[in-house]
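> sequence below, structure please.
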Amino acid sequence: MDLQYFGGNCVVVAGKGIRVVVDDTLAELGLKSVAKQGDILLYTGRHKAPVVQPRLAVDGPGEYEVSGVSVLGIAARGHMDEPGTHDATVYRVIAEDATYLFVGHIYPELNDEQLEAIGMVDVMFVPVGGNGYTLDATGALQLIKAIEPKLVIPTHYADSSLHYPVEQQPLEQVLKNLAMEPTETISKLRFKPIEQSATTQLVILTRN
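Below you'll find the predicted structure:
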């Protein structure tokens, strides 16, 4: 699968006849939407209606299967929500023998039931911009330790081309606080589970 980052929390995971687009709210941040006709669209939080006709659009908990892609939406507490509320959705996506996790803007404490539903993860996409709007390095690291993915890709950090509702921390500062050295900085990653290390690695996907 080819992995690309488009800014904010927007990530595209694409393979043979498959294109999964997560959190394409780019138009709200000052960029153009990347969604295409026939995509699988996933939203971890509030969003506007897509401008294309998707193969599947999901914005809440549930189990879905389409074109060989398995999607599990897990209810979670939003980052700014009160305890006991579950207005955000974490997605576990299985495609071409790999498991991807998209956490979105959640509170960095998952219970045993949520962690069991997530299971083993190959690639975890996690926002890191902080400043009260989303996870910061501390919250991201808490989730990384709880989930233990093979690969971590940070999202939603400072970018002069994006108009975030709240200023986000620069990636350089986040990396210092994460205390994790990136193994690679690349614009597109072709992920193959069999090539991964036994320990969690950090990869930076530059914005396309």
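> tell me which other helices or strands the longest helix anywhere in the chain touches.
When the chain is parsed with DSSP state H, its longest helix is helix 137-147. Packing partners of helix 137-147 (3 or more CB pairs under 8 Å, 6 or more residues apart in numbering; DSSP states H and E): helix 112-118, strand 123-127, helix 171-178. No exception for glycine: its C-beta is placed from N, CA and C like everyone else's.
> out of those, which one sits most buried?
strand 123-127 (a mean of 26; mean count of other CB atoms under 10 Å).
> neighbouring strands for that one, and are they parallel or not?
Taking DSSP bridges as the criterion, strand 123-127 forms sheet pairs with strand 98-102 (parallel), strand 151-155 (parallel).
> distance from that strand to the middle of the chain?
Relative to its chain's centre, strand 123-127 lies at 5 Å (CA atoms, centre = their mean, to the nearest Å).
> what average pLDDT does it get?
Mean pLDDT, computed over strand 123-127, is 98.
> show the contacting residues for the residue nearest to Y107 when sequence neighbours are not counted.
Leaving aside its sequence neighbours, Y107 sits nearest to R77 (CB to CB, 6 or more residues apart in numbering; 4.2 Å). Counting by CB atoms under 8 Å, 6 or more residues apart in numbering, R77 touches 83-88, 106-107, 109.
> can you pick the most crowded of the residues you listed?
Highest neighbour count within these, by other CB atoms under 10 Å: I106, with 27 neighbours.
> is that residue bridged to anything, and to what?
In beta-bridge terms (that is, DSSP bridges), I106 pairs with G78.
> surely it is in contact with A88?
Yes - using CB atoms under 8 Å, I106 is in contact with A88, at 4.9 Å.
> overlap in contacts, these two.
Joint contacts of I106 and A88 (CB under 8 Å, 6+ apart) are 44, 76-79.
> which non-adjacent residue is nearest V126?
V126's closest residue in space is A140 (CB to CB, 6+ apart), at 4.8 Å.
> residue contacts, the one you found?
108, 126-128, 154, 174, 178.
> swap in F102?
9, 11, 22-23, 42, 44, 90-91, 93, 125.
> would you list those in JSON lines and tack on distance to N208?
Listed next are these as JSON lines, based on distance: CB to CB, whole Å:
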{"residue": "N9", "distance to N208": "14"}
{"residue": "V11", "distance to N208": "10"}
{"residue": "V22", "distance to N208": "14"}
{"residue": "D23", "distance to N208": "15"}
{"residue": "L42", "distance to N208": "18"}
{"residue": "T44", "distance to N208": "20"}
{"residue": "V90", "distance to N208": "24"}
{"residue": "Y91", "distance to N208": "21"}
{"residue": "V93", "distance to N208": "19"}
{"residue": "F125", "distance to N208": "14"}
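> for the helix or strand encompassing L41, what is the distance to the chain centroid?
Using DSSP states H and E, L41 falls within strand 40-42. Chain-centre distance of strand 40-42: 12 Å, with CA atoms, centre = their mean.
> repeat for stretch 8-23
Averaging C-alpha positions (CA atoms, centre = their mean) puts stretch 8-23 10 Å from its chain's average.
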